[in-house]
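>>> sequence below, structure please.
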Amino acid sequence: DGFFFLISTLKQLNQFTDDDIWFQARTAAQKGFLDATKRLSILAGASSDDISLAIEDPIKVIDKGPGTDKLHHEIFIIALGRLAKKDPLQAAENLINNETYLSTSEYKAAWAQIAFPSSLALSPDALSYWKNAKDTPLSSSAQEWRVRMALRAYDWQSVSQWIDEMPEKLKDQTSWVYWKG
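Below you'll find the model as predicted:
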């Protein structure tokens, strides 16, 4: 509860934007922290029913499309990530079909939502999903999985670039220093 109090306070003080909150909500969804995803999404303006549907029955949200505003785009992106846990190819297809409705940053964030569970499943498509995510902000665990997928594909250029993009504390860990070398 302290975490949500802090985020709520930072939002009230205009030090945390809705974009910051949605990043946290997407990260929580990736990690399977569904209660946190709901609470953060509600704090960013989503209705409890809409975010619950995105988490529990993502295909219903995806079938409706991303809507016309930022709020519904973010709910759509979370639904894509939830669908990707079961069927990453279907999630990717739905994202491609709805690309024109999303901003560039939303589109890249959606690819990251699909890439993360694809990486956990060691999908051969995960690396291309990460490449589609391009320079979208990622959690530390997402950054690590992105590099692991590049390692599995022997894509040394991406390995080097993506380790360089890690925060200092993360890239200074022994395993990443080794692979950078």
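>>> report the central residue of this protein.
In the chain, the C-alpha nearest the mean C-alpha coordinate belongs to Q113, at 3.5 Å (CA atoms, centre = their mean).
>>> am I right that that one is in contact with K85?
No. At 9.9 Å, Q113 does not count as touching K85 under the criterion of CB atoms under 8 Å. Yep, even glycine has a C-beta here, placed from its N, CA and C like the rest.
>>> what do these two both touch?
Common contacts of Q113 and K85, defined by CB atoms under 8 Å, 6 or more residues apart in numbering, are absent altogether.
>>> one step back: pLDDT score for the residue nearest to the centre of the chain?
pLDDT, Q113: 97.
>>> element containing it?
Here Q113 sits within helix 104-120, counting by DSSP states H and E.
>>> residues in contact with that helix?
So helix 104-120 is contacted by 23, 26, 29-30, 70, 73-74, 76-78, 80-81, 84-85, 88, 91-92, 95, 99, 102, 125-126, 129-130, 132-138, 141-142, 145-146, 148-149 (CB under 8 Å, 6+ apart).
>>> apply 7 Å and report the result again.
Residues from elsewhere that reach helix 104-120, judged by CB atoms under 7 Å, 6 or more residues apart in numbering: 26, 30, 73, 77, 80-81, 84-85, 88, 91-92, 95, 99, 102, 125-126, 129-130, 132-134, 136, 138, 142, 145, 148-149.
>>> list the buried residues for that helix?
Residues 106-119 are the ones in helix 104-120 that count as buried (16 or more other CB atoms under 10 Å).
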